[in-house]
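K.L.:
I'd like to go over a predicted model; first the sequence, then the structure.
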Amino acid sequence: AFDVLVVGGGPAGAAAAIYAARKGIRTGVAAERFGGQVLDTMGIENFISVDYTEGPKLGAALEQHVHAYDVDVMNLQRATKLVPASESASGLVEVQLENGASLSAKTVILSTGARWRQMGVPGENEYRNKGVAYCPHCDGPLFKGKRVAVIGGGNSGVEAAIDLAGIVAHVTLVEFDSKLRADEVLQRKLRSLPNVDIIVSAQSTEVLGDGQKVNGLVYKDRTDGVMHSVELEGIFVQIGLLPNTEWLKGALELSPRGEIVINDRGQTSLPGVFAAGDATTVPYKQIVIAMGAGSTAALAAFDHLIRTSAP
Ligand code: FAD
């Protein structure tokens with residue numbers, strides 16, 4: 001059995017594995033795709049102390065750093081069920097994998113991350129990282145002085161539009177519903193900005209581009225069915241970040257949005273089970289934040305072990 005079993009191999013999981021292994025305890029990582037969301041990222045300019053890197057390069061560096069320690073890395077393994085120690089035959093926490101195997105551990109760190117909900121329209125995938133973006137904190141500055149749309153009028157969409165309005169030339173906020181759903185205070189702020197247009201009852205139907213980069217967005221006015229197109233250079237899709245926690249339903253406490261509820265040490269509602277990164281209730285989903293949270297969870301798991309395990 002592992003002392004610490006990490007599920008998920010993104011920035012949070014890699015940091016957790018390194019911190020655990022450095023305590024000299026038996027550490028394993030099971031990940032569906034080692035590297036996580038970082039592998040889908042192009043330029044990264046906010047990984048502090050590194051001016052610029054690219055996702056695949058950072059993903060490879062994460063893996064290399066983990067392999068520098070005695071960590072049992074099980075890549076391409078998808079976890080399908082978590083069995084609390086109180087319910088397992090062994091008295092350890094069990095993680096069942098899609099391939100039928102079951103791993104047991106004294107402590108588990110869940111770091112299965114999240115995925116952005118996509119519009120699912122033609123051009124969206126083709127122009128991902130070529131104008132279609134999901135993270136204003138990450139990619140906003142790349143659109144300095146340009147025109148962008150934000151898709152989604154909930155809190156994250158309106159926050160993104162306010163944030164981007166200070167950087168880019170012009171923002172068009174596109175909402176499917178007949179009204180914005182964001183908090184009133186955010187809506188008021190948004191409406192006060194001179195370089196923002198708000199379009200409601202609009203269904204985004206296509207991302208246009210020149211083969212290299214985005215150059216427009218097509219939407220349908222849901223009140224009269226008429227199609228419109230907006231010329232722009234960027235589209236930020238803000239219609240939800242979905243935590244990869246479907247497999248944990250019923251096993252531990254999740255928030256209404258499906259995020260794993262943790263305290264400031266990464267402890268979940270289950271004893272011996274910790275969590276970190278985008279899959280959790282941590283505010284703000286970013287690489288450096290996930291790494292810090294993974295480190296916190298590993299130190300908390302170690303603390304738990306020295307208090308509960310026989311010498
Ligand atoms: P993830 O990176 O999502 O990793 C989750 C891991 O868990 C993966 O290994 C996955 O395969 C695995 N997993 C999922 N489900 C299971 C399962 N059931 N069983 C086993 N393993 C599983 N942040 C920045 O700070 N700067 C940026 O410039 C930036 N740009 C971004 C650009 C894009 C396009 C995207 C999508 C994100 C960007 N982010 C950026 C956000 C950043 O990538 C995330 O905040 C960060 O990767 C979260 O780390 P994580 O370890 O919590 O989760």
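P.N.:
Yes, it's here.
K.L.:
Could you list the paired strands of the helix or strand harbouring residue 173 along with their orientation?
P.N.:
For residue 173, the host element (DSSP states H and E) is strand 170-174. Strands adjacent to strand 170-174 in the sheet, as given by DSSP bridges, are strand 147-151 (parallel), strand 196-199 (parallel).
K.L.:
Tabulate those strands (TSV), appending mean pLDDT and distance to the ligand.
P.N.:
In this view, the C-beta of every residue, glycine as well, is placed from N, C-alpha and C. Putting these into TSV (pLDDT from 0 to 100; distance: least, Cβ to the nearest ligand atom, whole Å) gives the following:
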stretch	mean pLDDT	distance to the ligand
strand 147-151	98	15
strand 196-199	98	23
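K.L.:
Which of the ones you listed has the highest mean neighbour count?
P.N.:
Each of the strands paired with strand 170-174 was scored by mean neighbour count; the highest is strand 147-151, a mean of 27, by mean count of other Cβ atoms under 10 Å.
K.L.:
which other residues reach that strand?
P.N.:
The set of residues that contact strand 147-151 without belonging to it, under Cβ atoms under 8 Å, 6 or more residues apart in numbering, is 119, 136, 157, 160-161, 164, 168-174, 204, 217, 230-239.
K.L.:
For the helix or strand following that strand, the averaged confidence score.
P.N.:
Scanning the chain past strand 147-151 towards its C-terminal end, the next helix or strand to appear is helix 155-165 (assignment: DSSP H and E). The average of the pLDDT scores along helix 155-165 is 97.
K.L.:
Buried residues, the strand holding residue 173. List them.
P.N.:
Within strand 170-174, the residues that count as buried by 16 or more other Cβ atoms under 10 Å are 170, 171, 172, 173, 174.
K.L.:
One more: stretch 67-79?
P.N.:
Using 16+ other Cβ under 10 Å as the burial criterion, the residues of stretch 67-79 that qualify are 71, 73, 74, 77, 79.
K.L.:
Then stretch 226-239?
P.N.:
Result for stretch 226-239 [16+ other Cβ under 10 Å]: buried residues 230, 232, 233, 234, 235, 236, 237, 238, 239.
K.L.:
Looking at these, point me to the pair that's furthest apart.
P.N.:
In terms of Cβ to Cβ, the buried residues of stretch 226-239 reach their longest pairwise distance at 233 and 239, which sit 20.1 Å apart.
K.L.:
which residues touch the closest residue to residue 203 other than its chain neighbours?
P.N.:
Here the nearest residue to residue 203 in space, its sequence neighbours aside, is residue 220; by Cβ to Cβ, 6 or more residues apart in numbering that works out to 4.7 Å. Contacts were defined as Cβ under 8 Å, 6+ apart; by that measure residue 220 touches 202, 203, 205, 226, 227, 228.
K.L.:
can you redo the residues you listed as TSV with secondary structure, pLDDT and distance to residue 251?
P.N.:
Putting the contacts of residue 220 into TSV (DSSP: H, G, I helix; E, B strand; the rest coil; pLDDT from 0 to 100; distance: Cβ to Cβ, whole Å) gives the following:
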residue	secondary structure	pLDDT	distance to residue 251
202	strand	98	39
203	strand	98	37
205	strand	98	39
226	coil	98	48
227	strand	98	46
228	strand	98	46
